[in-house]
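1. here you go, sequence then predicted model.
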Amino acid sequence: MQETPLHGIHVGLGARMMEFAGFDMPVHYGSIIEEHHAVRKAAGMFDVSHMGEVFVTGPNAAAFIQNLVTNDVNQLDDGRAMYTVMCRPDGGIVDDLLVYRLRADVYMLVVNASNIATDIAWMEANNGAGAELGDYSDQMSLIAVQGPAAFDIVSEVAGKDLSDLPFYRFLQPEPGEFMGAEKIILSHTGYTGEPGLEIYCENERAVEIWNAVSAAGESRGLKPAGLGCRDTLRLEAGYCLYGNDLTGDTHPLEAGLSWLVKFDAGDFVGRDALIAAKEAGLSRRLVAFVVEGRGIPRAGCDIVNEAGEIIGHVTSGTQSPTLGQGIGMGYVRNEPEFRKPGSAIGIQVRNRVLPAVVKKAPLHT
């Protein structure tokens with residue numbers, strides 16, 4: 001297995017480690033629930049250095065990305081990021097990703113750790129514009145600081161107030177300005193439903209930055225947080241996970257991501273298939289739900305109606321630490337009585353049906 005530059009810190013803190021996307025990653029440092037609550041109430045710090053970073057450069061960089069993703073890259077200016085998806089010609093999702101515009105001819109694409117090789121191969125196969133692609137995934141670390149106290153903590157480390165940085169905007173400090181690092185990106189993004197910053201840095205500076213953030217957060221309730229609470233947090237927030245809620249067999253319209261699909265932005269891979277799907281009408285929709293009473297839904301469980309007829313399946317499920325109830329996401333038949341908030345559905349868990357209610361995300365508020 002691969003190790004991130006912060007692996008030694010995790011082991012030193014007594015983290016429970018497990019394989020994820022080919023990396024030895026921390027699941028938790030003692031308690032998933034405590035780490036979850038720390039992020040909701042104070043702050044948590046995650047090592048997400050396993051994520052992939054692909055730089056796209058050259059005069060045709062924007063044209064290449066525009067053809068690759070469903071969102072409108074022309075809406076970006078320097079210092080702005082956007083969430084989007086890449087699709088196959090049939091509309092199936094290759095991956096969801098972030099696009100950062102560093103300059104007019106330099107972009108950074110941040111992709112899921114489990115899809116790095118697949119995504120790069122897809123990009124190369126669809127590079128008719130002749131953009132220059134560079135995989136820097138092994139050279140960069142990524143530290144996410146998330147929670148109500150996150151901005152105060154990172155501002156102390158940065159030596160400047162970052163609280164006015166808008167959502168999906170990022171800063172590129174001058175070389176040496178942030179703890180002496182040559183290359184830093186401070187991004188107001190995250191995967192928890194809380195305010196926070198993600199710090200992209202050179203591998204060589206990761207340990208020093210982690211320790212500085214840890215020291216600044218000690219009096220503010222900061223805890224190191226693992227992949228366990230990262231999943232419970234994202235599910236409470238209603239954020240999709242590739243491999244569960246998004247796959248090559250799902251397309252963004254049925255996944256509730258139509259806001260990422262800009263048909264008027266020009267051609268992109270999968271555009272014709274998505275137009276056809278929209279015109280034909282969607283057969284299923286992704287919904288979020290909360291279980292009433294006791295019981296935990298899991299991926300793969302059937303979703304049923306009041307008569308016990310199967311109407312869909314669960315793609316993600318867990319016990320919400322905030323609510324103390326089971327929550328999840330899943331695809332159901334695209335009928336109002338199953339997909340509208342307030343709709344009653346059932347989750348088949350072994351030999352019993354858990355009553356649940358469809359709810360608009362986020363689920364924890």
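-> In hand now; what should we look at?

2. need the pLDDT of P224.
-> With respect to pLDDT, P224 scores 98.

3. ugh, typo on my part, it should be G12
-> G12 is given a pLDDT of 98.

4. D95 contacts T84, doesn't it?
-> No - applying CB atoms under 8 Å as the test, D95 and T84 come out as separate, 9.8 Å apart. Using the backbone N, CA and C atoms, a C-beta is placed for each residue, glycine as well.

5. stretch 59-69: which residues count as buried?
-> Within stretch 59-69, the residues scored as buried using 16 or more other CB atoms under 10 Å are N60, A61, A62, A63, F64, I65, Q66, N67, L68, V69.

6. outside of that stretch, which residues touch it?
-> Residues outside stretch 59-69 that contact it (CB atoms under 8 Å, 6 or more residues apart in numbering) are 56, 72-74, 84-86, 97, 99, 104-107, 109, 123, 126-132, 265-269.

7. need the buried ones from these selected in ChimeraX.
-> To isolate the buried subset of these in ChimeraX, counting by 16+ other CB under 10 Å, use the following:
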select :56,72,73,84,85,86,97,99,107,109,123,126,127,129,131,265,268,269
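
8. from the contacts of stretch 59-69, which land in helices?
-> M123 (DSSP state H).

9. can you pull out the strands in the stretch 1-150 of the chain?
-> 16-20, 23-28, 43-47, 52-57, 80-87, 93-103, 106-111, 132-135, 140-146 (DSSP state E, counting those that start in this stretch).

10. for those strands, give me JSON lines that also has distance to L227.
-> Listed next are the strands of the stretch 1-150 of the chain as JSON lines, based on distance: least, CB to CB, whole Å:
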{"stretch": "strand 16-20", "distance to L227": "6"}
{"stretch": "strand 23-28", "distance to L227": "5"}
{"stretch": "strand 43-47", "distance to L227": "8"}
{"stretch": "strand 52-57", "distance to L227": "16"}
{"stretch": "strand 80-87", "distance to L227": "20"}
{"stretch": "strand 93-103", "distance to L227": "17"}
{"stretch": "strand 106-111", "distance to L227": "17"}
{"stretch": "strand 132-135", "distance to L227": "23"}
{"stretch": "strand 140-146", "distance to L227": "11"}
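
11. deepest-packed of those strands, please.
-> strand 43-47 (a mean of 27; mean count of other CB atoms under 10 Å).

12. from the chain's centroid, how far away is that one?
-> 14 Å (CA atoms, centre = their mean, to the nearest Å).

13. which other helices and strands contact it?
-> Using 3 or more CB pairs under 8 Å, 6 or more residues apart in numbering; DSSP states H and E as the contact test, the elements touching strand 43-47 are strand 140-146, helix 206-217, strand 222-224.

14. out of these, which gets nearest to Y29?
-> Of all the helices and strands packed on strand 43-47, the one in closest proximity to Y29, counting by CB to CB, is strand 222-224 (5.1 Å).

15. give the other helices and strands that the closest one contacts.
-> Partner elements for strand 222-224 (3+ CB pairs under 8 Å, 6+ apart): helix 32-41, strand 43-47, helix 206-217.

16. single out the most deeply packed of those.
-> Among the helices and strands packed on strand 222-224, ranked by average contacts under mean count of other CB under 10 Å, first place goes to strand 43-47 (a mean of 27).

17. so I185, which state does it fall into?
-> strand (DSSP: H, G, I helix; E, B strand; the rest coil).

18. what strand or helix carries the closest residue to it other than its chain neighbours?
-> Nearest non-adjacent residue to I185, counting by CB to CB, 6 or more residues apart in numbering: Y200, 4.0 Å away. Using DSSP states H and E, Y200 sits in strand 196-202.

19. helices and strands around that strand, which ones?
-> Strand 196-202 packs on strand 140-146, helix 150-158, strand 184-187, helix 206-217, going by 3+ CB pairs under 8 Å, 6+ apart.

20. could I get the ones you listed as JSON lines with distance to A273 and mean pLDDT?
-> Output for these, formatted as JSON lines (distance: least, CB to CB, whole Å; pLDDT from 0 to 100):
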{"stretch": "strand 140-146", "distance to A273": "33", "mean pLDDT": "98"}
{"stretch": "helix 150-158", "distance to A273": "39", "mean pLDDT": "98"}
{"stretch": "strand 184-187", "distance to A273": "32", "mean pLDDT": "98"}
{"stretch": "helix 206-217", "distance to A273": "41", "mean pLDDT": "98"}
